[in-house]
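[1] predicted coordinates and the sequence they were generated for:
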Amino acid sequence: SAASLALAGPQGVQATRGLEAADLPGFRGSVPVADLLDGEPAPLVDRAPDDLAVLLFTSGTAGAPRPAMLTHGNLTANIDQILGHPGRPEGADDVVLALLPLFHVFGLNPVLGVCLRVGGTCVLVEKFDPHTSLEAVAEHGVTVLGGVPTMWSAWADHPGVDAESMRTVRIAVSGGAPLDPAVRRAVRERLGVELTEGYGLTEASPAVTSGLGCDAPVGSIGVPLPGVAVRLVDSQGEDAPGGDPGGIWGARPNVVAGYWGAELATAPASRVGEVMTAEVLTVSPVTDVADLVQRMQPLGVRSVPVVE
């Protein structure tokens with residue numbers, strides 16, 4: 001990556017101490033994040049919405065992982081979309097526990113980015129441990145908690161937990177993978193928290209739908225966020241009838257500019273600013289709430305994430 005400096009937590013600093021500078025030309029070592037807190041603020045740099053902000057690798061669940069090029073406009077658009085959801089009021093009084101790695105789009109934007117936008121408090125945790133993270137929830141009075149299903153399962157199964165363990169949490173979100181309905185029930189029964197599920201992908205910066213504030217039933221990923229255009233299509237690229245399964249098309253402004261170092265993947269039915277995902281949904285013709293049905297195999301219209 002040609003990096004010259006590493007910002008690291010305690011474990012990261014220990015890991016880099018043994019590196020030989022001669023083996024890494026230009027590398028000047030690691031700096032503990034805590035050492036920067038008393039330093040002078042860095043100067044602000046003007047950026048345009050189309051400027052590249054970060055490269056984040058896709059999950060690779062429907063093909064080889066790719067470095068997605070997320071722009072400043074992509075990230076800020078998705079933050080606005082998340083905050084525009086009527087079921088997601090978040091403000092300066094909120095305390096967010098950042099358990100997810102910030103090199104993952106879930107941790108970077110819906111967790112850290114949204115918290116910074118509203119001026120809330122973000123508690124950074126170096127690694128996930130169910131016991132110590134529950135202690136952190138109580139110690140800091142965490143109000144917003146996002147995690148992947150395995151985290152929620154670990155909390156619900158942890159010995160001695162009860163409704164007091166997460167009494168301050170008012171927004172609880174699961175994402176990154178399908179949520180087992182049994183886990184959602186266990187979280188409600190043991191922790192007293194109503195867990196909701198959303199859907200997203202790296203190429204969409206990442207949030208596309210949310211179950212917050214829409215009475216989404218168990219197993220549902222909710223409704224599209226404000227400003228996100230979602231279309232369900234069949235294997236021929238035509239609109240899927242209500243209640244029938246279909247692949248998800250999502251549209252800009254939160255969709256990636258492309259993939260770093262490679263020609264953009266294209267599909268016969270793709271258009272500028274749209275992305276075809278690798279999931280199949282059904283949408284209730286009555287409630288407009290979406291259920292994730294399955295992950296497609298690469299066939300028909302390209303089922304791996306694509307943009308043009």
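    That came through, no problem.
[2] kindly export stretch 58-78 (C-alpha atoms) in CSV.
    Only the C-alpha atoms of stretch 58-78 are listed here, as CSV (Å, rounded to 0.1, in the frame of the first residue of the first chain):
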residue,chain,number,x,y,z
THR,A,58,-16.4,-6.3,-0.8
SER,A,59,-17.2,-9.4,1.2
GLY,A,60,-16.6,-11.8,-1.7
THR,A,61,-19.7,-13.9,-0.9
ALA,A,62,-20.8,-13.8,-4.5
GLY,A,63,-17.4,-13.6,-6.2
ALA,A,64,-13.9,-12.5,-5.6
PRO,A,65,-13.5,-9.6,-3.1
ARG,A,66,-13.0,-6.3,-4.9
PRO,A,67,-11.7,-2.9,-3.6
ALA,A,68,-14.8,-0.7,-3.9
MET,A,69,-14.1,3.0,-4.6
LEU,A,70,-16.3,5.0,-2.2
THR,A,71,-16.3,8.7,-2.7
HIS,A,72,-17.0,11.5,-0.1
GLY,A,73,-20.3,12.0,-1.8
ASN,A,74,-21.2,8.3,-1.5
LEU,A,75,-20.5,8.2,2.2
THR,A,76,-22.2,11.5,3.1
ALA,A,77,-25.2,10.6,0.9
ASN,A,78,-25.7,7.3,2.9
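[3] what pLDDT, on average, does it get?
    On average, the pLDDT along stretch 58-78 is 84.
[4] what's the answer for stretch 170-182, then?
    Per-residue scores along stretch 170-182 average to 92.
[5] low-confidence ranges, the stretch 151-300 of the chain, go.
    Filtered on pLDDT under 70, the stretch 151-300 of the chain yields the residue ranges 233-252, 262-300.
[6] correct me, but P181 touches S220?
    No - applying CB atoms under 8 Å as the test, P181 and S220 come out as separate, 10.1 Å apart. To be clear about C-beta, it is placed using only N, CA and C from the backbone, and glycine gets the same treatment.
[7] quick one, which of the two is more surrounded?
    It is S220, of P181 and S220, that has more neighbours when counted by other CB atoms under 10 Å, with 24 against 12.
[8] can you pull up the bridge partners for the more buried one?
    Beta-bridge pairing of S220, defined through DSSP bridges, involves D291.
[9] confirm N254 sits in a helix?
    No - counting by DSSP: H, G, I helix; E, B strand; the rest coil, N254 falls outside a helix, being coil.
[10] what's the local residue count around G146?
    G146: 23 neighbours (other CB under 10 Å).
[11] for A172, which residues are in contact?
    L145, G146, M166, V187, V193, E194, L195, T196 (CB atoms under 8 Å, 6 or more residues apart in numbering).
[12] what helix or strand does the second one sit in?
    Here G146 is covered by strand 144-147, with elements defined by DSSP states H and E.
[13] burial of the residue nearest to R188 when sequence neighbours are not counted, as a residue count?
    Leaving aside its sequence neighbours, R188 sits nearest to E194 (CB to CB, 6 or more residues apart in numbering; 6.1 Å). The criterion is other CB under 10 Å. On that basis, E194 has 14 neighbouring residues.
[14] what's the answer for V125, then?
    Using other CB under 10 Å: V125 sits among 15 other residues.
[15] how close does it get to D51?
    V125 is 30 Å from D51, where distance means CB to CB, to the nearest Å.
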